[in-house]
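**Q** Here is my input; please provide its structure:
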Amino acid sequence: MSEGQQNWAENFTYSAEAYHYPETVEQVQALVTQYDQIKTLGARHSFNKIADSTGHMISLKHFKQPPVLDRERQTVTVSAGAKYGHVSQYLNQAGYALHNMASLPHISVAGACATATHGSGDSNGNLATAVSAVELVTADGTVHVLSREQHGTPFEGMVVGLGGLGVVTKVTLDIIPAFDMRQTVYEQLPVVQLEQHFEDIVSSAYSVSLFTDWQSETINQAWRKERLSDVTEPTLHPHWYDTTPALEKRHPIGRLPADNCTVQMGEQKPWHEVLPHFQMDFTPSHGTELQSEYFVPRHHAVAAIRAITGLRDHITPQIKISEIRTIAADTLWMSPCYKQPSVALHFTWEKNWPAVKTILPLIETALAPFGARPHWGKLFTMPPARLQPLYERLPDFRSLLHQYDPLGKFRNAFLDTYIFD
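**A** Sure, this is the predicted structure:
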């Protein structure tokens, strides 16, 4: 019988017949060989049915192998179900860092990489770009260790695997020396300043996030996360692009208390206490939101933002907050940033799917001229016929899925619709 498992936002109930909680690779192998249909469940932070299964579900929350640090190769190998917040704490204590983190440290390593989840920054690729190897249990129960070094170009198709290749049990990540950061928040950035100085603004720190509710001609907040080794100027710029420095700690949704947010006000802290927006020890939400996100080529950023502004009357009744971030280009076949420096337009909605479902087609139509690609793990309504041509390596990815899962053991309705349809 199903346990009625839901995702983090409680907007989706999984369809699995049964749930399994292996603690070892051998237990994963036994489960994979026993059942004809099976999928892996991470931290349940996807908002759609990408991880769903009508067969059996493997949860890796009890699969807790200790991290393995390789100082010579500058890598760390962690359990696939490990959460970024815990991995970052371990690395910082050892004197190392990840190149970037997403806004939530609560997400799992394998799930985030499989869906190309990202942070922000001019030279920062999505989280999957740090993956140098994976341990994978394939449909016949065989354990494969696949690496960037040994498997070359095909490996670039495996990292953002959408859960279709098998059960990822371990992930090896590239690491760098630990560093300290500070974060400052500026309020009421005029949109005209953003349009005239977009590149200067988003390039002004190691990571920059712009938050807007689309209700006026100003960006509500600009969060600038600076690496101290890069800093040559004072903590605050009193008139930075006609903004006002925040006088107290802010939540992206201005009316909410900021207790669960990471440090601000220029306080100097280790990288993992600044790069996310929310602290690991706090729950940033209680399932009262929906999320969507679209990636457009960076050179279309201003035009795309203006196109969304034109939908203000449709968006504002249902929007909690939007976030605008930049992500570097990569070579991962199914990444929305494949071969293009990108700008992500993120939407956090009220938990009202009937209303949101009518808004998303408007957004997708407005962004269509810019070749917008949706986030794999968030809500979208784009039909397969429009989505598939956006990924030039999709035929090669489809071949990889056939190679590693010839009988479709790890396929589900999501993959059938968007990859195989």
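
**Q** Tell me the pLDDT of the spatially closest residue to Trp240 that is not a sequence neighbour.
**A** Excluding the flanking residues, the one nearest Trp240 by Cβ to Cβ, 6 or more residues apart in numbering is Tyr186, at 5.5 Å. Where C-beta positions appear, they are placed from N, C-alpha and C, glycine not excepted. For Tyr186, the pLDDT comes out at 97.

**Q** what about Tyr186, neighbour count?
**A** As a burial measure, Tyr186 scores 24 neighbours (other Cβ atoms under 10 Å).

**Q** Restricting to C-alpha, output the strand or helix carrying it in PDB.
**A** Element membership for Tyr186, per DSSP states H and E: strand 180-190. Below are the C-alpha coordinates for strand 180-190, written out as PDB (Å, rounded to 0.1, in the frame of the first residue of the first chain):
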ATOM      1  CA  ASP A 180      34.800  33.800   3.600                       C
ATOM      2  CA  MET A 181      32.000  36.000   2.400                       C
ATOM      3  CA  ARG A 182      29.700  38.800   3.200                       C
ATOM      4  CA  GLN A 183      26.200  39.700   2.100                       C
ATOM      5  CA  THR A 184      24.600  43.100   1.700                       C
ATOM      6  CA  VAL A 185      21.000  43.800   0.600                       C
ATOM      7  CA  TYR A 186      19.900  46.800  -1.300                       C
ATOM      8  CA  GLU A 187      16.200  47.900  -1.700                       C
ATOM      9  CA  GLN A 188      14.200  49.500  -4.500                       C
ATOM     10  CA  LEU A 189      16.400  49.100  -7.500                       C
ATOM     11  CA  PRO A 190      14.800  51.100 -10.400                       C
END
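
**Q** Which other helices and strands does that strand contact?
**A** Contact here means 3 or more Cβ pairs under 8 Å, 6 or more residues apart in numbering; DSSP states H and E; on that basis strand 180-190 packs against strand 218-227, strand 244-245, strand 269-270.

**Q** tell me the most buried of those?
**A** Mean neighbour count (mean count of other Cβ atoms under 10 Å) peaks for strand 218-227 among the helices and strands packed on strand 180-190, with a mean of 22.

**Q** by contact count, what packs against that strand?
**A** strand 180-190, helix 191-196, strand 207-212.

**Q** First-to-last residue distance for stretch 115-127?
**A** End-to-end span of stretch 115-127 (Cα to Cα, to the nearest Å): 9 Å.

**Q** Tabulate the helices and strands packed on strand 180-190 in a markdown table, adding columns for mean pLDDT and distance to Leu41.
**A** What follows is these, written out as a markdown table (pLDDT from 0 to 100; distance: least, Cβ to Cβ, whole Å):
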| stretch | mean pLDDT | distance to Leu41 |
| --- | --- | --- |
| strand 218-227 | 97 | 31 |
| strand 244-245 | 94 | 42 |
| strand 269-270 | 98 | 31 |
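
**Q** quick one: the strand holding Tyr186 to strand 218-227, angle?
**A** Counting by axes from the mean of the first three to the mean of the last three Cα atoms, to 10 degrees, strand 180-190 points 160 degrees away from the direction of strand 218-227.

**Q** Any buried residues in strand 180-190, and which?
**A** Asp180, Met181, Arg182, Gln183, Thr184, Val185, Tyr186, Glu187, Leu189 (16 or more other Cβ atoms under 10 Å).

**Q** next one: stretch 248-268
**A** Applying 16+ other Cβ under 10 Å to stretch 248-268 flags 249-253, 258, 260-266 as buried.

**Q** coming back round to it: let me have the helices and strands packed on strand 180-190 in a markdown table, extended by distance to Gln29.
**A** Formatted as a markdown table, these follow (distance: least, Cβ to Cβ, whole Å):
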| stretch | distance to Gln29 |
| --- | --- |
| strand 218-227 | 41 |
| strand 244-245 | 55 |
| strand 269-270 | 38 |
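
**Q** show me what contacts the residue nearest the centre of the chain?
**A** By Cα atoms, centre = their mean, the mean C-alpha position of the chain lies nearest to Thr117, the distance being 1.9 Å. Counting by Cβ atoms under 8 Å, 6 or more residues apart in numbering, Thr117 touches Ala102, Ile107, Gly111, Asn126, Leu127, Ala128, His375, Gly377.
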